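Asks: Provided below are the primary sequence and the corresponding predicted coordinates.
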Amino acid sequence: MKNIKKYKEKMKEIAFPIDVLNVKVYSKKSLIPKEKKQFYSSISRAYWEYVTIPNKKIL
Amino acid sequence: MKKPEILIISSERDINFKSITEWLSFYDANFFCINIDRDVISIYDYDMQSKNMVLRVTNEFESCKISLEFLKTVFIRNGSLKFKINTIPELLRHKKGIKDYIYFYDKTLDSFLEYYFLQNFKVIGLWNNAYINKLIVLEEAVKVGLNVPETYLKTNLETLSSQKSYISKTLSLPLVIESDTHRFMTYTGNVDFSSNEEDFMTSLIQTEIKKLFEIRVFVFLKKMYAMAIFSQMNEESTVDYRVYNHEKPYLDEPFIIPNELKIKILNLMDRLKLNTGSFDFIYTETGKYYFLEVNPTGQFGYLGSVCGVNLDKIIAEEIINL
């Protein structure tokens, strides 16, 4: 499927619930996450991505 | 062996969870996190007489044992647990007998652990991906006196008035479909009478309520925070505020909800056995509040920043003092 028209045609063909027709389409290019630095925190036992890691010595 | 007083279950994709753990660490709390994206657990040892349980938690980096003898509080932020199942040879993996055996093995351990936690500790949040039935929520909301838009389940539009405006929203999860190049995401939107002449699968339809603004209320153990969302400022976000225009953002403001509404929310939470959740309301031009839905694991960081409070810190303090 390349556009909303084709998506809607397909959904109507299946006769899915009508809420699936309220659709927005996004190009995957804009959704590809940029490579981010991440680190493992033993406190949360999880990877963090959304933090700013200081890279300069704070005097 | 670790002996935590607080156990947190969450996906590592949840930013609030991580920040809460930092605050718990700041307050020197004795806690342990199960990261549902990486951890596999087993009930390593359980004595039904003494009620002592030891879990083994394993991921690609470590394997550790957790004794629950000092546990007081379990905070289920989101997700569901994965139980350890050994690799089954290809020849046996698809046999119906094996599939049924594994299904009920997993289900039994999972529901027993939920029962064990509820019986023995204070539990915040809902088990198993916090699934909550939207239709039952609406029925219960009416019972506590909340205004709810006229709601229908329909397989065609024949009996609806074409003079009125309706919206359709998912009764399941929002559908997201990906092709090679595009992602299609569904939202709440208006019903188009002209393009829905054939029968369709059962759909959730509500009358459209003309709103002045929307309100999101976050509740954590009876503490409530609310913000008004002026989603009417943008045409695309008029029906669903999640359809966001980054170039022309709408306004969000802290909002004080009346006590009468607070009481109804708490009554609804009692009925649904919720102790945390994000509630969505519409405020109409005539000054009425309409309840739309509740999300037991909604994101609240932004709401906190609008209200000028650090909700991660508050939640950590509430968990410690429970």
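Replies: That came in fine, so what should we check first?
Asks: Just list whatever residues bridge to the residue of the stretch 51-200 of chain B found nearest chain A.
Replies: Per CB to the nearest CB, B:Gly189 is where the stretch 51-200 of chain B lies closest to chain A, at 2.9 Å. All C-beta spots, glycine's among them, are computed from the backbone N, C-alpha and C. Beta-bridge partners for B:Gly189, by DSSP bridges, are B:Ser168.
Asks: thinking it is in contact with B:Ile167, fair?
Replies: Yes. If you go by CB atoms under 8 Å, B:Gly189 and B:Ile167 touch, sitting 6.4 Å apart.
Asks: The residue of the stretch 51-200 of chain B closest to chain A: neighbour count?
Replies: Residue neighbour count, defined by other CB atoms under 10 Å in any protein chain shown, stands at 20 for B:Gly189.
Asks: where does the nearest residue to B:Val176 once chain neighbours are set aside land in three-state SS?
Replies: Closest residue to B:Val176 apart from its sequence neighbours, by CB to CB, 6 or more residues apart in numbering or on different chains: B:Met185 at 5.2 Å. Following DSSP: H, G, I helix; E, B strand; the rest coil, B:Met185 is assigned to strand.
Asks: Tell me what B:Met185 is bridged to.
Replies: Counting by DSSP bridges, the residues bridging with B:Met185 are A:Lys24, B:Val176.
Asks: from memory it sits against A:Asn22, does it?
Replies: No. If you go by CB under 8 Å, B:Met185 and A:Asn22 don't touch, sitting 9.6 Å apart.
Asks: So if I had to pick from these two, which one is more boxed in?
Replies: Shown here are B:Met185 and A:Asn22; by other CB under 10 Å, A:Asn22 has more neighbours (23 against 17).
Asks: Now tell me what touches stretch B:8-18 from outside.
Replies: Stretch B:8-18 has contacts (CB atoms under 8 Å, 6 or more residues apart in numbering or on different chains) with A:41, A:44, A:46-48, A:50, B:20-21, B:24, B:31-38, B:74-79, B:81, B:125, B:299-301, B:311-312, B:315.
Asks: Over to stretch B:303-314?
Replies: The contact list for stretch B:303-314, computed with CB under 8 Å, 6+ apart, reads B:16, B:19-20, B:22-23, B:216, B:218, B:220, B:223, B:225-227, B:252-254, B:278, B:300-301.
Asks: Quick one: end-to-end distance for it.
Replies: 13 Å (CA to CA, to the nearest Å).
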